[in-house]
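Student: how does the following fold in three dimensions:
(one chain, ligands or ions: 1)
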Amino acid sequence: MGISPIVKGVQETFPLEFDANRYTIQSFTFENKEYKVRAFENIIYVANPIDTAYQKMNIYIPEGYFHNESINGYSIESAPIFFPNGIGGYMPAQPKTLNDAGKRDIFGQLPGGNTHRTPPPLAGNMKEGSAIHYALSKGYIVASAGARGRSLKNADGIFTGKAPAGLVDLKAAVCYLRYNDKKIPGNKERIISNGTSAGGAMSLLLGATGDNLDYKPYLEEIGAANVPDHIFAVSAYCPITDLDHADCAYEWQFNGINTYEAQMMDMISGITPNKTTSDQLSEKQIEVSNQLKVQFPIYLNSLNIKDEKGNTLLLDEQGFGNFRDYVGSYVIQAAQKALDAGKDLSNVSWLTIQNGKVTGLDFEGCIRNMKRMKSPPAFDTFDLSAPENHLFGTEAINAQHFTEYSYKNDPTKGPLAAETIIKMMNPLYYIGTPNTNTSQFWHIRYGTIDNNTSFAIEVIVATLLKNKGYEVDFELAWNRPHMGDYDLGELFDWMDKVCK
Ligand code: DHB
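Tutor: Have a look, this model is predicted:
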């Protein structure tokens, strides 16, 4: 089971019954209109929490529903539940609120965010803020759960938020909503999760692993309501996922680019200033890149995934083949969409455009333009410094390996995480498997200039889902860096379509 008895939660037991009278009225202005909501905040969503600072949820309900109004065709019973998480960098996350709806917990602001690999805080043009407002204005009920994360410790210095804690917490919050179905407005069969980056990965996991019993002991440990935890649909932006294959996928994409540029982080304040570090890969790192790169075709070919025409997507030993072209086709589609929307792409040297149509892509040019962010291995670092190493720690160990390759090649022989835990953090192992209720509907976006992980990972997730019969709206988003919620109009149109 992997749960040792040393972690004692908060000694108090919390009720799993929703208190419909414990709310405040709050308001916000969105697109020049004022909206009133009932705000149920800081609800502890498990009976035996480990950390009440994070295992709590905020629920916002349009006030109109309590006066028999219908909003956007939804009623108090039929309203879907938008379930955004604020997780970044696999760190602990507070539930989102109406006012700070704009902020994802900035990865790195808490101690434990570390190394120069830490990506920048959300770009200045980030519009994430409006997702909660947007949802409420469209008649959605919003439930945002906090979750434990990799840096969290209890008073005895024991780590309490290592994998799979954050995911288990989000599942427990879903259970709370389902358990209180009669008392909490909204349709519990229309829960739509949403997250960005590590939060996007958590969103995928919620959708992929619904009701799977692997997580049950962990849910029991924290006293989650004993009801199903599956959700209806998933929205994920730039998910950092398939972690146990992300290193080789990264080198498939970036091999040959021997400079990397990463954001510096102040180790004391944990704040990422506007400063980048740029460095050459060493001879050793180039060798590592070469070794990882050749692993990727073996992995990809083992998946047996197919394009829309039924062609199996494959790569040769050098990493060329129809899978590469298929990944490229998503870049082309992204460029075409931007072109159709009136963007001037005439100075994009790696695209061929003829008569308003994007007819060609220089894949390598595209990758050179986006630059390499991480040195190899990008995720399972030899020195255990990456956020993902910290995710895979235990109650007593801060950081571990999660791939055979890095475990074997670490000169200091750092520890390897348990296979069961690595599995539990990878949605690909669960999609459509027996005794799992995988969500039917998926909306996944990844920016064309996001170098936090490889395009290949995103394409694999989307394609595998499609091949297994799920409905997937997947696009690369033109010129978007590592960020989320930039296409809320499209996102909510999609949600309305799948919900109604
Ligand atoms: C995030 C970004 C990363 O590059 C990563 O490796 C893990 C998480 C994030 O922004 O959440």
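Student: near the ligand, which residues of the stretch 301-450 of the chain are found?
Tutor: Remark: the part of the stretch 301-450 of the chain in contact with the ligand comprises residue 387, using C-beta under 6 Å from any ligand atom. For every residue, glycine as well, the C-beta is placed using N, CA and C.
Student: which residue ranges of the stretch 301-450 of the chain form strands?
Tutor: Under the criterion DSSP state E, counting those that start in this stretch, strands of the stretch 301-450 of the chain are mapped to 351-354, 357-361, 441-447.
Student: do the same with the chain
Tutor: All strands of the chain, identified by DSSP state E, fall at 24-30, 33-44, 56-62, 81-84, 141-145, 191-196, 233-237, 259-263, 276-280, 351-354, 357-361, 441-447, 471-477.
Student: CSV please, covering the strands of the stretch 301-450 of the chain and showing mean pLDDT and mean neighbour count.
Tutor: Compiled in CSV, the strands of the stretch 301-450 of the chain are given as follows (pLDDT from 0 to 100; neighbours: other C-beta atoms under 10 Å):
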stretch, mean pLDDT, mean neighbour count
strand 351-354, 98, 14
strand 357-361, 98, 15
strand 441-447, 97, 24
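Student: which one of those lies closest to residue 212?
Tutor: The stretch from the strands of the stretch 301-450 of the chain with the least distance to residue 212 (C-beta to C-beta) is strand 441-447; that distance is 17.2 Å.
Student: just the CA trace of the closest one, in PDB.
Tutor: Presented in PDB, the C-alpha positions along strand 441-447 are these (Å, rounded to 0.1, in the frame of the first residue of the first chain):
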ATOM      1  CA  PHE A 441     -14.500  14.300 -23.400                       C
ATOM      2  CA  TRP A 442     -11.100  15.900 -23.600                       C
ATOM      3  CA  HIS A 443      -9.900  19.400 -24.500                       C
ATOM      4  CA  ILE A 444      -6.100  19.700 -24.600                       C
ATOM      5  CA  ARG A 445      -3.900  22.600 -25.700                       C
ATOM      6  CA  TYR A 446      -0.200  23.100 -25.900                       C
ATOM      7  CA  GLY A 447       1.600  26.200 -27.200                       C
END
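Student: can you name every helix or strand that that strand contacts?
Tutor: Here strand 441-447 is seen to pack against helix 198-208, strand 233-237, helix 455-467, strand 471-477, helix 488-499 when contacts are counted using 3 or more C-beta pairs under 8 Å, 6 or more residues apart in numbering; DSSP states H and E.
Student: by mean pLDDT, point me to the weakest helix or strand of this structure.
Tutor: Per-element confidence for the chain was summarised using mean pLDDT, DSSP states H and E. The lowest value among helices and strands belongs to strand 276-280, with a mean of 80.
Student: report all helices and strands that that one contacts.
Tutor: Judged by 3+ C-beta pairs under 8 Å, 6+ apart, the packing partners of strand 276-280 are strand 259-263.
Student: buried sites along stretch 409-422?
Tutor: For stretch 409-422, a neighbour-count test (16 or more other C-beta atoms under 10 Å) marks 410, 414, 416-417, 421-422 as buried.
Student: then stretch 341-353?
Tutor: Taking 16+ other C-beta under 10 Å as the basis for neighbour counts, the residues of stretch 341-353 that come out buried are 348, 350-351.
Student: which stretches of the stretch 101-250 of the chain aren't confidently modelled?
Tutor: In the predicted model of the stretch 101-250 of the chain, residues 101-129 satisfy pLDDT under 70.
Student: picking up where we left off before, show me what the least confident helix or strand of the chain pairs with in its sheet, parallel or antiparallel.
Tutor: Strand 276-280 has the following strand partners under DSSP bridges: strand 259-263 (antiparallel).
Student: quick check, the strand it pairs with touching the ligand?
Tutor: No - looking at strand 259-263 against the ligand by C-beta under 6 Å from any ligand atom, there are no contacts, and the closest approach is 9.3 Å.
Student: per-residue pLDDT, the residue lying closest to residue 369 once chain neighbours are set aside?
Tutor: Counting by C-beta to C-beta, 6 or more residues apart in numbering, the nearest residue to residue 369 once its immediate chain neighbours are dropped is residue 350, at 6.3 Å. Residue 350 is assigned a pLDDT of 98 by the prediction.
Student: now do the same contact list for residue 350.
Tutor: Applying C-beta atoms under 8 Å, 6 or more residues apart in numbering to residue 350 gives the contacts 361-362, 364-366, 368-369.
Student: where along this structure do the helices fall?
Tutor: Counting by DSSP state H, the chain has these helices, from start to end: 130-137, 165-179, 198-208, 216-221, 243-254, 283-303, 322-340, 363-370, 387-391, 404-409, 419-424, 455-467, 488-499.
Student: for the first one, the distance to its chain's centre please.
Tutor: Here the centre of mass of C-alpha atoms in helix 130-137, compared against the chain's by C-alpha atoms, centre = their mean, to the nearest Å, lies 19 Å away.
Student: please begin residue numbering at 12 from this point
Tutor: Okay, using 12 as the starting number, the last item reads as helix 141-148.
Student: what's next to that helix, contact-wise?
Tutor: With C-beta under 8 Å, 6+ apart as the contact definition, helix 141-148 has outside contacts at 39, 41-42, 44, 46, 48, 71, 73, 93, 95, 107, 109, 112-113, 153, 155, 205, 496, 499, 503.
Student: and the angle for it with strand 244-248?
Tutor: Orientation check (axes from the mean of the first three to the mean of the last three C-alpha atoms, to 10 degrees): helix 141-148 against strand 244-248 gives 150 degrees.
Student: equivalent analysis for the second one, please.
Tutor: Helix 176-190 and strand 244-248 meet at an angle of 150 degrees, taking the same axes, to 10 degrees as the criterion.
Student: what about helix 176-190 and the ligand, touching?
Tutor: No - for helix 176-190 and the ligand, the contact criterion (C-beta under 6 Å from any ligand atom) is not met; the two come no nearer than 11.3 Å.
Student: cool, and the third one?
Tutor: Yes - Helix 209-219 is in contact with the ligand by C-beta under 6 Å from any ligand atom, via residue 209.
Student: can you check what angle separates that helix from strand 244-248?
Tutor: Per the same axes, to 10 degrees, the angle that helix 209-219 makes with strand 244-248 is 160 degrees.
Student: could you list every helix and strand in contact with helix 209-219?
Tutor: Under the contact criterion of 3+ C-beta pairs under 8 Å, 6+ apart, helix 209-219 touches helix 176-190, strand 202-207, strand 244-248, strand 452-458.
Student: rewinding a little: could you dump the strands of the stretch 312-461 of the chain into JSON lines and include distance to residue 482?
Tutor: Converted to JSON lines, the strands of the stretch 312-461 of the chain look like this (distance: least, C-beta to C-beta, whole Å):
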{"stretch": "strand 362-365", "distance to residue 482": "30"}
{"stretch": "strand 368-372", "distance to residue 482": "26"}
{"stretch": "strand 452-458", "distance to residue 482": "5"}
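Student: ok, which of those strands comes nearest residue 101?
Tutor: Minimum separation from residue 101 across those (C-beta to C-beta) falls at strand 452-458, 18.0 Å.
Student: quick one: contacts of that closest one?
Tutor: Residues from elsewhere that reach strand 452-458 (C-beta under 8 Å, 6+ apart): 203, 211, 215, 218, 243-250, 466, 469, 472-473, 476, 481-488, 490-495, 497-498, 502, 505-506, 509.
Student: show me which of these are buried.
Tutor: Neighbour-count burial (16+ other C-beta under 10 Å) is assigned, among those, to 203, 211, 215, 218, 243-250, 466, 469, 472-473, 476, 481, 483-488, 491-495, 497-498, 502, 505-506, 509.
Student: can you name the residue of the stretch 312-461 of the chain nearest to the ligand?
Tutor: When C-beta to the nearest ligand atom is the measure, the stretch 312-461 of the chain has its nearest residue to the ligand at residue 398, with 4.7 Å between them.
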